[in-house]
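Undergrad: Need the 3D shape of this:
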Amino acid sequence: MKHLFLLGCLAFTARLAVADPVFAPPPPSSPAPAGGEFASFSGKVVETTNTAGYTYVLVDTGGKKLWVAAAKFAVQPGDTVAVAAGIPMVNYHSQSMNRDFDVVYFTGGVVVNGVNPQAARPPCLPGIRP
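TA: From the prediction side, this is the model:
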């Protein structure tokens, strides 16, 4: 069953990536290569918010601050995180936070202080739950 969900989520995400302009590559200053996924990066947590099954984290990479979202996990400001590659959502509006983001990087894995607080999952769209 888990494999079917995984395949369904990946197929759905791939279809939207082709058909939906929200999945357009982020601006050149972000860590995204041409393929639509962003490269992994790390940094210090500046801000964090839990909402609707997701944890949003503002990460200071040393050169810029980037918003990341993943399935809910434990993290606090000051923690060091390593963010796995995922999908950028440009001009993203979070209904649960009632907030707009220039770009949020949705990822299936975040390592906090060297520990993976959750099993790695494929990046999925908000509202899609197992």
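
Undergrad: which residues of the protein fall in strands?
TA: 41-51, 54-60, 65-71, 80-83, 86-94, 99-107, 110-112 (DSSP state E).

Undergrad: same for the first one, what does it pack against?
TA: When you say that, I think you mean strand 41-51. Judged by 3 or more CB pairs under 8 Å, 6 or more residues apart in numbering; DSSP states H and E, strand 41-51 is in contact with strand 54-60, strand 65-71, strand 80-83. C-beta here means a position set from N, CA and C on the backbone, and glycine is covered the same way.

Undergrad: Of all the ones you listed, which one is nearest Ser40?
TA: Closest to Ser40 of the helices and strands packed on strand 41-51 is strand 80-83 (CB to CB; 5.9 Å).

Undergrad: The closest one - which strands sit beside it in the sheet, and in what orientation?
TA: Using DSSP bridges, strand 80-83 pairs in its sheet with strand 41-51 (antiparallel), strand 110-112 (antiparallel).

Undergrad: between these, which one is nearest to Asp100?
TA: strand 41-51 (14.1 Å).

Undergrad: and the angle from the closest one to strand 65-71?
TA: 60 degrees (axes from the mean of the first three to the mean of the last three CA atoms, to 10 degrees).

Undergrad: Restricting to C-alpha, output strand 41-51 in PDB.
TA: Provided in PDB are the C-alpha atoms of strand 41-51 (Å, rounded to 0.1, in the frame of the first residue of the first chain):
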ATOM      1  CA  PHE A  41      21.500  22.600   1.300                       C
ATOM      2  CA  SER A  42      22.000  23.200   5.000                       C
ATOM      3  CA  GLY A  43      22.000  25.900   7.600                       C
ATOM      4  CA  LYS A  44      20.800  27.200  10.900                       C
ATOM      5  CA  VAL A  45      17.000  27.400  11.700                       C
ATOM      6  CA  VAL A  46      15.900  31.100  12.200                       C
ATOM      7  CA  GLU A  47      12.100  30.500  12.500                       C
ATOM      8  CA  THR A  48       9.800  27.500  12.500                       C
ATOM      9  CA  THR A  49       6.000  27.000  12.400                       C
ATOM     10  CA  ASN A  50       3.900  23.800  12.500                       C
ATOM     11  CA  THR A  51       0.600  23.800  10.700                       C
END
